[in-house]
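Enquirer: sequence and computational prediction follow.
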Number of protein chains: 2
Amino acid sequence: MQFYLDGFRTGDPLKTPEADKAPKASDHVDVAIIGCGPAGLTLAAQLAAIGGMSVRIFDKKDGPLEVGQADGIACRSLEMFEAFGFAEKVLKESYWVNEVAFWRPDPSGSGLHRADRIQDVEDDLSHQPHVILNQARVHDFYLEMMENSAMGLVPDYNRDLAGLVCDDSAEHPVTLTFDCLDAPGQQEVVHAKYVVGCDGARSKVRAAMGYALKGEAARQLWGVMDVLAVTDFPDYRLKCAIQSAEAGSILIIPREGGYLTRLYIEMDALHGDERAADRGVTAEMLEGKARAILAPYHFEVKEVAWFSAYEIGQRVCDSFDDLPSDIRDGDIPCIFIAGDACHTHSPKAGQGMNVSMADTFNLGWKLAAVLKGRAQPKLLATYSEERHAKAKELIDFDRDMARLFSEKPKTAEESAQFQRYFQKHGRYTAGVETTYDASLIIGGTAHQDLAKGQVVGKRFHSAPVIRLADAKPLELSEALTANGRWRVICFADASDTGGPGGKVAALCDYLLEDPKSPLMKFGRDGEDLDAVLDVRAVFQQAHRDLDLFTMPDLLVPKKGKLGLTDYEKIFCPDLKSGVDIFDIRGIDRAKGAVVVVRPDQFVAQVLPLDAYDDLGAFFAEFMM
Amino acid sequence: MQFYLDGFRTGDPLKTPEADKAPKASDHVDVAIIGCGPAGLTLAAQLAAIGGMSVRIFDKKDGPLEVGQADGIACRSLEMFEAFGFAEKVLKESYWVNEVAFWRPDPSGSGLHRADRIQDVEDDLSHQPHVILNQARVHDFYLEMMENSAMGLVPDYNRDLAGLVCDDSAEHPVTLTFDCLDAPGQQEVVHAKYVVGCDGARSKVRAAMGYALKGEAARQLWGVMDVLAVTDFPDYRLKCAIQSAEAGSILIIPREGGYLTRLYIEMDALHGDERAADRGVTAEMLEGKARAILAPYHFEVKEVAWFSAYEIGQRVCDSFDDLPSDIRDGDIPCIFIAGDACHTHSPKAGQGMNVSMADTFNLGWKLAAVLKGRAQPKLLATYSEERHAKAKELIDFDRDMARLFSEKPKTAEESAQFQRYFQKHGRYTAGVETTYDASLIIGGTAHQDLAKGQVVGKRFHSAPVIRLADAKPLELSEALTANGRWRVICFADASDTGGPGGKVAALCDYLLEDPKSPLMKFGRDGEDLDAVLDVRAVFQQAHRDLDLFTMPDLLVPKKGKLGLTDYEKIFCPDLKSGVDIFDIRGIDRAKGAVVVVRPDQFVAQVLPLDAYDDLGAFFAEFMM
Ligand SMILES: Cc1cc2nc3c(=O)[nH]c(=O)nc-3n(C[C@H](O)[C@H](O)[C@H](O)COP(=O)(O)OP(=O)(O)OC[C@H]3O[C@@H](n4cnc5c(N)ncnc54)[C@H](O)[C@@H]3O)c2cc1C
Ligand SMILES: Cc1cc2nc3c(=O)[nH]c(=O)nc-3n(C[C@H](O)[C@H](O)[C@H](O)COP(=O)(O)OP(=O)(O)OC[C@H]3O[C@@H](n4cnc5c(N)ncnc54)[C@H](O)[C@@H]3O)c2cc1C
């Protein structure tokens, strides 16, 4: 974590002093975000972290969420929280899912037995664990980060979106009208360049665009409750999928703090127009059902912290922006939808919150780049293209998963099927399998062999390294903060020690001196050398065998208004730990590789170290 | 981290709701703490964490420290911060000292060369690193924790201690008078059962007891400055000890945030009554001196965040409480001094803040135990006995270190001497070598062989384990929170799986049922089973080979007003990581061991698993 670049300050270094904060945003904004759920807050946090534009975020609620909703945080989401700078808070408070147990009817014919117990996340899938924490706490961490930013961004609560009209010819083409719930009868009007509807499953933004969620009519009803309970069920502090012979299924999710537990309890399917509320589900009903499924184990609820009857449908919307899904070419969207507003799924794969956040992590840097004149507006169309494809995949996966979980297992083979499916899709639910297709911002795979473990289209896969200047062992992900910058990560060839004549130095020379280089073309006078492209290097030698001061200037750049040296661009393998990043990420030791990483941490390109023209051409496609 | 035992709450689980907070402390308090430095804040935090007594903390300053003073945080202090629950904040913000470089005059006769570069903390000395962070930030974390506690403890600033009188016959024997600096002419009077003077090197509490710091007359003057600077000195982001041929010595301490640096610059010794202020040291003088020492490297200060001329004397006071040092037997102290108030030393070993915090971490739980009627008042006399002996050791160490550092190295051999000394004393400066002598609360070493790596009198040495109930990999230290409780950690023998008939179960039976057991004698009706003695067990088997529900009740106790199960008492070795706690801590696999750990994490006893009488006798000596 770097700070004090522009001078020392007292107090919390992450808290921008009040004086720096932007004046309260006006009724004309660059971005208006509707909804303070995970999707809206991730977007707001991303824009606040990048800064330099005007943003407002609205919610009809009267304040932050306090309890309930989702709680599963996939490895990939924690990687993203790390990029936002609050992963350690989540890690500290949350329950860590280390193993999953599967319970099924005992072959003897009565009661349950533990059929299997597996590791939840396979080794080296991510350097972050899979954890469980009240969604409200995730909101809290986002809100704190937004408020601490230079933007000093605080949501406008009690604002219920009532109308949305679009006039393409205006500088602020979208006009939003809100009912002020704290001042009945009053309305507030806001004009925005871009609007993002993060307003959940009943999205008015989606409705305003005339879109509908499409999907299955048959909808599963699940009861969910957060309880403090006492039981003699042995695996109560493990995540458990329990299928009883006759009484149905239950999912036990241990929660933060050592005592709280979430239960997902299967209820009968909803029919026709029936809504979850029509069933009049009570906490007592859910407890009774849980007892029946868990029998002969004893189960006694001492306190219900929250409960809900949760309706599950696998649905998705055709487009995630205001361009029609068929003829998109050349047009620029200005209204977007994200999260539950454009896709819904069952809670069992634990994807609702995670996928919603992934949506807007994809969108945030693009909006910022366009607003700041760094990228051509056509970049914005890639949001719907990338995320819609992923949502469809998720819906399909989720449908299979939900069906398998709900089916009464007739044979041991059938019960085992769900378990195999669950195992196989661990990677998927961890969120690290997402692969974007080739596009404007995802290059080809011609050179994938140079870095087999950094797959083009997938998220950059971190690994342990040693930082050269201070010999600190850390994850390379520490270099990938969510500040909107592209990264060019140079993995040096075996002979290169960073000095003149090596390929890394030559690449840096190109970047710094060739008028055709993206740094020369897109960098601006007076800004830091790494403001647009953040160049980093990983060498193969042990850190004591390299000399910081023979490195190219671009890797020890002078920055900020004081011209201080940034010492945190160069890394070495953590040879002492025995885990060499070149080995575990399959980097070609003889040739090295350049890995181009998007601001949202996805690998955009793998190139040879001297493919200057390819590198330049890639950025020229969309940067400006 | 455990929470929600007595019911779910919304919001930050570490923040006790306002409603629970004690009313503003009155003019009659159990403990009055003078001084909000590291010593005073550690004590206040410890008492706040334990709760259930009235505490006030005073400082003559008008608010929290903002910049300057110490910055070195030893491994042992981080272990303590972990027990207080804020280590992760320090780890995130701080600079990590991974290696130390030694620079000396180049053998060629001009300039400097790097003579050596060593790992700063030897492997497995502690699971925590050695880090550097502005002392003010450490204060902030303490203040936040105190305010979040049920006590809602906030310092009284602008209170300058003016008088202290003692009347042994009163229930609140000490009367304190403060000048109110925010209301000139006004005074505030406070009556306290116990007073702790944490009021720094010019302590008025010490003076009121008629004590003086004794030590060397010759005092070294050091300039210290925190700067943002630019240099081509290669090891600027490593901790460096630099001895030039003619221009003197400098210590470079990289600081948090990647840009800030602290420099300790040697100045001439002070003579007679001369004070540091008399020299009129300026930042320019310090920068000039630094340039001279670092030549031929270029060094340019861009901003001075803080600087000071710092006077070093190795001094210590004869007693740390109001009992005379020669005849102490049987008497109970009620005034204590801690930190710089009773010992001062040079900053180069980085001990000032660390040792001050260790003082009051030693005192805090003792005061609480006596105030809550849990321990006999004679326990309080052990504070001065234990900490005075350690302060003397430190002073001796520091004197050698300061002398070696200041002496002009005449030969390569002489320069190398300092470096060897530095290396040898790494364990010492890490704070993990502190060994308390046998006493009321430190048992004999007759059974040390059962747990060779858990040395009686030293701090409990953590190691990685797996928690049985949720398969979470963690450090065993996670069980040692600073809540004032004694721990009885049972390391099972190889055959024991926790079931009836095993030695762990037998020990638990004794504790829970034998009227002579400390749990039966000192536990109170209506309180949790682990309120006084927190019993934990570590087994030798892999975690999947043990069954939680054959374990003795004491290891899965029902707690709190809801009777919820505490699942966090049982651990297994982390066999997958290959580091088996039984191996690395030298536990006798055939016999197992009981390790008794004090509330301040020091090992009080190592005993056989069936030494019930010894265990009972140990606690009977001081508990009540
Ligand atoms: C009651 C409930 C229970 C859930 N339970 C679970 C669960 O048990 N497990 C699980 O995995 N997932 C659960 N989910 C789903 C999970 O919380 C969502 O997938 C996730 O929150 C999606 O994030 P989002 O930001 O897209 O939408 P949301 O979190 O739904 O946020 C949408 C926000 O928009 C606001 N909003 C809506 N309309 C307007 C308007 N007109 N004007 C202004 N603001 C508006 C809403 O107040 C809300 O704050 C639950 C969701 C809900 C609503
Ligand atoms: C100016 C300064 C510079 C230092 N620089 C370094 C350094 O560079 N490196 C290093 O390792 N260590 C340094 N130290 C030492 C280090 O900060 C101390 O060892 C450490 O703070 C000791 O902690 P303490 O709590 O015992 O005392 P202190 O931190 O000194 O705290 C004592 C507190 O008591 C208060 N107090 C004093 N008298 C009264 C009174 N009459 N009434 C009410 N309150 C009172 C003071 O305001 C102060 O807040 C420095 C100390 C000082 C004072």
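Expert: Nice, thanks for sending it over. Ligands and ions are numbered 1, 2, ... in the order given.

Enquirer: do a quick rundown of the helices in the stretch 451-600 of chain A.
Expert: With DSSP state H, counting those that start in this stretch, the ranges of helices along the stretch 451-600 of chain A come out as A:503-513, A:518-522, A:581-584.

Enquirer: what is the mean pLDDT for the second one?
Expert: The predicted model assigns helix A:518-522 a mean pLDDT of 95.

Enquirer: for it, packing partners?
Expert: With contacts taken as 3 or more Cβ pairs under 8 Å, 6 or more residues apart in numbering or on different chains; DSSP states H and E, helix A:518-522 sits against helix A:503-513, strand A:533-538, helix A:612-620. In this view, the C-beta of every residue, glycine as well, is placed from N, C-alpha and C.

Enquirer: the longest one: which residues count as buried?
Expert: So that's helix A:503-513. Using 16 or more other Cβ atoms under 10 Å in any protein chain shown as the test for burial, helix A:503-513 gives A:503-512.

Enquirer: same question for the last one.
Expert: Neighbour-count burial for helix A:612-620, counted by 16+ other Cβ under 10 Å, picks out A:612, A:614-616, A:618-619.

Enquirer: just the CA trace of whichever strand in chain A runs longest, in CSV.
Expert: In chain A, assigned by DSSP state E, the strand with the most residues is strand A:299-312. This file holds the C-alpha atoms of strand A:299-312, laid out as CSV (Å, rounded to 0.1, in the frame of the first residue of the first chain):
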residue,chain,number,x,y,z
PHE,A,299,-31.8,-29.1,16.6
GLU,A,300,-33.0,-26.2,18.6
VAL,A,301,-33.1,-22.6,17.5
LYS,A,302,-32.3,-20.1,20.3
GLU,A,303,-32.5,-16.9,18.2
VAL,A,304,-33.6,-16.1,14.7
ALA,A,305,-31.4,-13.2,13.4
TRP,A,306,-33.1,-13.0,10.0
PHE,A,307,-35.3,-15.2,7.8
SER,A,308,-36.9,-14.9,4.4
ALA,A,309,-38.7,-17.0,1.9
TYR,A,310,-36.6,-16.7,-1.2
GLU,A,311,-37.8,-17.3,-4.7
ILE,A,312,-35.5,-18.8,-7.2
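
Enquirer: which one of the residues in the stretch 101-250 of chain A is closest to ligand 2?
Expert: A:Asn148 (27.2 Å; Cβ to the nearest ligand atom).

Enquirer: any idea how many residues pack against the residue nearest to that residue when sequence neighbours are not counted?
Expert: Nearest-residue entry for A:Asn148: A:Lys15, 4.6 Å, with adjacent residues in sequence omitted and distances by Cβ to Cβ, 6 or more residues apart in numbering or on different chains. A:Lys15 has 12 neighbouring residues, counting by other Cβ atoms under 10 Å in any protein chain shown.

Enquirer: the closest residue to A:Gly51 other than its chain neighbours: what secondary structure?
Expert: Once flanking residues are discounted, A:Gly51 sits nearest to A:Ala150: 5.1 Å by Cβ to Cβ, 6+ apart. Following DSSP: H, G, I helix; E, B strand; the rest coil, the label given to A:Ala150 is coil.

Enquirer: distance of A:Met225 relative to chain B?
Expert: A:Met225 sits 11 Å away from chain B, going by Cβ to the nearest Cβ, to the nearest Å.

Enquirer: ah, wrong one, I meant A:His130
Expert: A:His130 is 12 Å from chain B, by Cβ to the nearest Cβ.

Enquirer: can you check A:Ile293 too?
Expert: 19 Å.

Enquirer: confirm that residue sits in a helix?
Expert: Yes. A:Ile293: assigned to a helix according to three-state DSSP.

Enquirer: so who does it touch?
Expert: A:242, A:244, A:247-250, A:265 (Cβ atoms under 8 Å, 6 or more residues apart in numbering or on different chains).

Enquirer: could you pull out the strands for the stretch 151-300 of chain A?
Expert: For the stretch 151-300 of chain A, applying DSSP state E, counting those that start in this stretch gives strands covering A:159-166, A:174-180, A:187-197, A:214-215, A:220-231, A:239-243, A:249-254, A:260-266, A:299-312.
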